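> build me a model from this:
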Amino acid sequence: MKAMARTPMRVPKTPRAAQSEKRRDLSAGKQQQDPVNVFCRVRPLQSDADLTCMRVKNSTTIAVNAQDQLLHHKQNGAQREIQYIFKHVFQPDATQQDVFAAVAQPLVDNLVRGRNSLLFTYGVTGSGKTYTMTGNSRHRGIMPRCLDLLFRTISDYQAKKFVFKPDKLNGFEILSEEDALLERQHEMNQRFAGAGRFAFRRKESDPEIASQASVEPTPLSGLDEDNMYSVFITYVEMYNNSVYDLLEDSGIQKSLQCKIIREDANHQMFVHGVTEVEVKTVDEALEVFQMGQKRKRMGNTLLNAESSRSHSVFNIRLVQAPTDCQGEQVMQDKHNITVSQLSLVDLAGSERSSRTKNTGVRLREAGNINNSLMTLRTCLEYLRENQQISPNPAPKKIPYRDSKITHMFKNYFDGEGQVSMIVCINPRLEDYDENMQVMKFAEMTQEVQIARATPIKPDLGLTPGRRKANKLFKIAVNNLHELGIPEAKQLELDVGLVYSLGPDFPNYQMDSPETESKIQELMEYLEQRIDRRRKLRANMDIKCDNFRQLLMNLDRDNLQLRTELASLKAVYKQERDRSAALENKVRIHESSIDVLNSTVSKRERQIQELTHKLNEQEQLLSQKEQQHEKQKKKFNSKLAVESDKNKREFDQKLREQRAKMQERMRIKDEKLRLVSNILQAEDVPSSLPRSHSSEDLLNDKERGGFTARTESSVPPTTRTERTDIYCTPRHGLAAANNRHRRSRSAGDKWLEHRAANPVPLGTIMQPYLKNRKSVTKLTDMKELTGHGTTKYCLVSQEADTDGDVETKLYKGNVIPTCGGGAQVVFDDVECLRQKSPVHSPTRKRPSNSNLSASAFGGPLPSTGLASVQDFASRCNLGIEGHSNKKSKM
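Numbers count the residues shown, from 1 in each chain. Here you go, the predicted model:
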C-alpha cells in the first residue's frame, strides 16, 4: 500500500461562552503585563584628560554628580549625587557580546516563539548608538548577531524560497510548488541580467558590518521542528518626519519616494508598499542591509563626524507555518501562518544647535529629530499616566500621529509585545545637561507597562515530531534498499492523527439566566467528542489488525531468513578463506611490483639527468665554437683594418721624417758654412752688424737671401745681402776699445757657455778651463762685462753622420766696446770626437760642392736644419755678447 495524505480531523470548537469570557478578561485588563526593559551603556572616555560626571556603582545603578561640584572641586561637606536604577548597566569595558546576550538574545527567542519585540537605542549624538546597533569590522553589533543567531537556529528547517510571498498588506500567502519555482526562475534571470536590486548588489559584504572573526553562537532551544520558516527583512528611515524605503527598487542616484503608514486587519501598523526581501543566509541579509545603508542620510557635525540624520528601522520578520502529516510540504492554508517581528530602531541623537553650530539643512534636520524624540517622550509619559491613575472615564489622548516614529510603533504600546531600550551615555562633563534629560526619560520609560504577548498556535491534531520521524524513516528505507532488500520500499509510516479528544471542558455556572443555551452548547460539544471517540476506536481496531498480521508475516519471514542465514554463513566462511589467500598473493606481487617500479623510476631519472647533462655540454660546445668563429672573424677584420691603417701612417711618417731630416741637414750645413766663413775671414770689419736669429735665417732661406761672404771689393749689392744676413735691426754699431790692454798677471777668467742638459762624455780627456764660470743661458750683458771675464768658450754637442757624439769648443777673447758693452772675437775651435770601435758602414757626407751651393744660396740638406738653428742662436749671443733685446740707454 502506498502512503496516503490524510486530512487532519477537525478540532472541536470551543464554546462561544469561553470565547466571550476571554474577551471580557482582556477588556478587564487581566492580561499579564511587563515593564519596558531599560538598559544603560556607558561609552569609554576618548581621552584621559576628559572629566566625567557619572560613576557606575554596580550592575544596576549609576550615579550622576552635579556639574558645579565637578567644576569648582568642592571638597567640604557631602557631595550630592543622583542615582538612577536600570535593569542592567554596562561598564565602559563591556563587550558587544555582553550587550547582545543580556539585551537582544531574549528578543530573538521571542521571535522564534512567535512573539513581537521592539528594541531601540536612545541617547545624545556621539554616544555610541549606531556602534551598539551595527558595530564595526572587529566588534559586531546587535543586528548582525541577531541575524546570525536566528539563521543558526532555523538553518535545518527553512522553507524553499518564495514558498511564502508578501501580500503587500502586512500579511503573507502560501504559493504552490510550481508557482514558487517560477518565482525562483524569475529571480535567477534578474540576477544574471543585473536588474532590480541586483543592479547595485555588492560582491562581498561590508567589512564594517560583517566581521569574520565572530564566535559562533549556540542555537536556541524550543524550536517547533514541525514548522517551516522563512525570514523577511525591511529597512526604512524617518527623515524630516517622512518615511522612506531604503530597499526600494530604484536607481541609487534617484530620490526615494515617501511612504505612508497604515493599519492592517489585525490592527498592526506597517509601511504601505515597503519592500520585503526574503533572505536565506546571514551574508545575504547583511548584503541587503548594506544596500540600504548606502542610501541612509548621514552628515558631519561639530560633535560627530558621522552623525545619523534620520531614525532607521530594521525589521526582521519570521514567517512560520506547519507542515502536512508527512512533514514534507507546507500546508496550503494562509490562516495557519504565524508572523513574528523584531524591530531594531537606531534613533538619531538629540543635539543642541548652540553646540553643533548647525545651519541651513543641518539645522532643519536637527529640529525634526528633536521634535520626534519629544513626541516619543510625550507619548510614553501620557501612557504611563493613563496606566497609573485609577480607572478614569476620560484618559488622556496619546498623540501617536504627531510623529512617524511613534505612529509606526503604536501597536507595541497599545497592543502586546516586549519593548526594550538601550540608553547610551557619553560620560563627558560637556554632555551633562543632555545626559540628565536622557536619564529622566529613561527613568520615566521604565514605569510604562506593555501587555505580554501570548501567541496562539493552531492545533491541527497532527503528530508532533512527524517531520523528523518521516526523515528517519526514509533514511532507514534507503539503507535497507542498498543492502539488497527491495521490499523496504513497500513499508509505510503512519504519523497521521494524534489520539486526543480535544481541550478540557470549560467552566460553567448553572445559576445564570443563560443556563439552557449553555447546556445545549455542552451537549453539542459532548456529541462531537463521542463521534471523535468512535472514529478513533475504529481506527485503532484497524491498526491493531494490521499490526497483528504484520507480526505473523514477520515471524514467518524471520524463520526463513534464519535458515538462509546459516547457509550463507558457511558459504561466506569459505569465500573469506579463499579471499584471504588471494589477498596474500596480491600483497606479495604488489610489493615486488613496487620494487621494480622504484628501480625503473630511478633508472629513468638517471637517464634524464645524463641526457640533460649531455645536452648542456653540447650547447656549451656549440656556443664556444660560435664564439671562436665570431672572434676569428672579428680579429681578422680588425687586423686587416689596423694593418692598412698602420701602413698608411708609416708611409706618411716616413715621408715626413725624410723631409724633416733633409731640412735639418740643410740647416746644419748652412750653419757650418756660416761658422766656417766667420772663422776663416781674414779681416772682421769693425762695423760688423749683429747677426740674425735662426728664425731670420730660415726666413731668409725661404726668400732665397743667403749669399756667400766676399771681400771688400764685392759689389755693394752683394755686401748688402750679407749685411742683411748678419745684422740686427739695431741703431748704431758696436766699436772695440783700441786702447784696451789686459793685465797678464791677473790671469784669464773663462765664461763657459754650455747647454742646460749636456750629454755626459765619460772620456778620460776632458775639457779643462781654469778659473771658469759656467752658464746655460746668456741673457745679461753683466755676464760678459762683470767679474773680469776675459775668455769666452761656447760648448756645442751634436751627432755626426755616423751617430757618434762630437763636442766642439769655440774659444774667443772678450773685448770691451766703446759703448760699455763687450764683444767676443773667436780665435780657436777644439773638437772632441768619440768613435765606436765597431765598424759602421760609411755614409755619404755632404760634398763641398753641396756646402758651397748652400753657402751661395742653394738648398740646404734637411738633416742640418736643427743644428743650424741651434748654432745660429748660440753664435748670436757668442759674437755680440748680448741678446736681441735692446738695452735701455
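
> residue ranges in the stretch 701-850 of the chain under the pLDDT threshold?
701-746, 803, 836, 838-850 (pLDDT under 70).

> what are the ranges of the helices in it?
Using DSSP state H, counting those that start in this stretch, the helices of the stretch 701-850 of the chain run over residues 716-726, 782-785, 848-855.

> ok, now the stretch 451-600 of the chain?
Using DSSP H, counting those that start in this stretch, helices in the stretch 451-600 of the chain cover 466-482, 515-680.

> run the chain-centre distance for the first one.
What it means is helix 466-482. Chain-centre distance of helix 466-482: 53 Å, with C-alpha atoms, centre = their mean, to the nearest Å.

> now do that helix, average pLDDT.
Averaged over helix 466-482, pLDDT sits at 80.

> for residue 388, which of the helices of the stretch 451-600 of the chain is the nearest?
For residue 388, the closest of these is helix 515-680, at 38.5 Å, according to C-beta to C-beta. Bear in mind the C-beta positions are built from the backbone N, C-alpha and C, glycine included.

> which elements pack onto that closest one?
helix 16-27, helix 694-703, strand 822-833, helix 848-855, strand 862, helix 865-880 (3 or more C-beta pairs under 8 Å, 6 or more residues apart in numbering; DSSP states H and E).

> immediately after the first one, which helix or strand?
In this case it means helix 16-27. Next helix or strand after helix 16-27 toward the C-terminus (DSSP states H and E): strand 33-35.

> thought residue 240 was touching residue 367?
No - shown here, residue 240 and residue 367 do not form a contact pair, counting by C-beta atoms under 8 Å, at 9.1 Å.

> more crowded one of the two?
For residue 240 versus residue 367, neighbours defined as other C-beta atoms under 10 Å are more numerous around residue 240 (18 against 13).

> contacting residues around the more buried one?
By C-beta atoms under 8 Å, 6 or more residues apart in numbering, residue 240 lies in contact with 310, 364-365, 368.

> one more time with 6 Å, if that's ok
residue 368 (C-beta atoms under 6 Å, 6 or more residues apart in numbering).

> pLDDT at it, what is it?
87.

> equivalent analysis for the one 3 residues further on, please.
Looking at residue 243, its pLDDT reads 92.

> ok, the one 4 residues further on next?
Among the per-residue scores, residue 247 shows a pLDDT of 90.

> closest one to residue 379 among the helices of the stretch 451-600 of the chain?
Residue 379 lies closest to helix 515-680 among the helices of the stretch 451-600 of the chain, at 42.9 Å (C-beta to C-beta).

> now do that closest one: distance to the chain's middle.
31 Å.

> how far off strand 822-833 does it point, in degrees?
Interaxial angle of helix 515-680 relative to strand 822-833 (axes from the mean of the first three to the mean of the last three C-alpha atoms, to 10 degrees): 100 degrees.

> avg pLDDT for helix 515-680?
91.

> try stretch 330-338
Rounded mean pLDDT across stretch 330-338 is 86.

> with just CA atoms, put that stretch into CSV.
In CSV, the C-alpha atoms belonging to stretch 330-338 read as follows (Å, rounded to 0.1, in the frame of the first residue of the first chain):
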residue,chain,number,x,y,z
VAL,A,330,3.7,23.4,4.0
MET,A,331,0.0,23.2,4.5
GLN,A,332,-1.8,25.3,1.9
ASP,A,333,-3.8,27.4,4.3
LYS,A,334,-2.8,31.0,5.0
HIS,A,335,-4.8,31.0,8.3
ASN,A,336,-2.1,28.7,9.8
ILE,A,337,0.7,31.2,9.2
THR,A,338,2.3,32.8,12.2
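
> what helices or strands is the helix or strand hosting residue 147 leaning on?
Under the criterion of DSSP H and E, residue 147 resides in helix 142-153. Helices and strands touching helix 142-153, as assessed by 3 or more C-beta pairs under 6 Å, 6 or more residues apart in numbering; DSSP states H and E, comprise helix 105-112, helix 282-293.

> quick one: it to chain centroid distance?
32 Å.

> if you count neighbours, what's buried in that helix?
Neighbour counts over helix 142-153 (16 or more other C-beta atoms under 10 Å) mark 142-151, 153 as buried.

> need the contact partners of stretch 394-413.
Here stretch 394-413 has contacts from 118, 238, 241, 243, 261, 268-269, 311, 372, 375-376, 379, 382-383, 386, 419, using C-beta under 6 Å, 6+ apart.

> circling back: mean neighbour count, the helices of the stretch 451-600 of the chain: which tops it?
Mean neighbours per residue, mean count of other C-beta atoms under 10 Å, is largest over these for helix 466-482, with a mean of 15.

> name the strands paired with the helix or strand harbouring residue 340 and say parallel or antiparallel.
Using DSSP H and E, residue 340 sits in strand 338-346. Take DSSP bridges as the rule and strand 338-346 pairs in its sheet with strand 117-123 (parallel), strand 311-322 (antiparallel).
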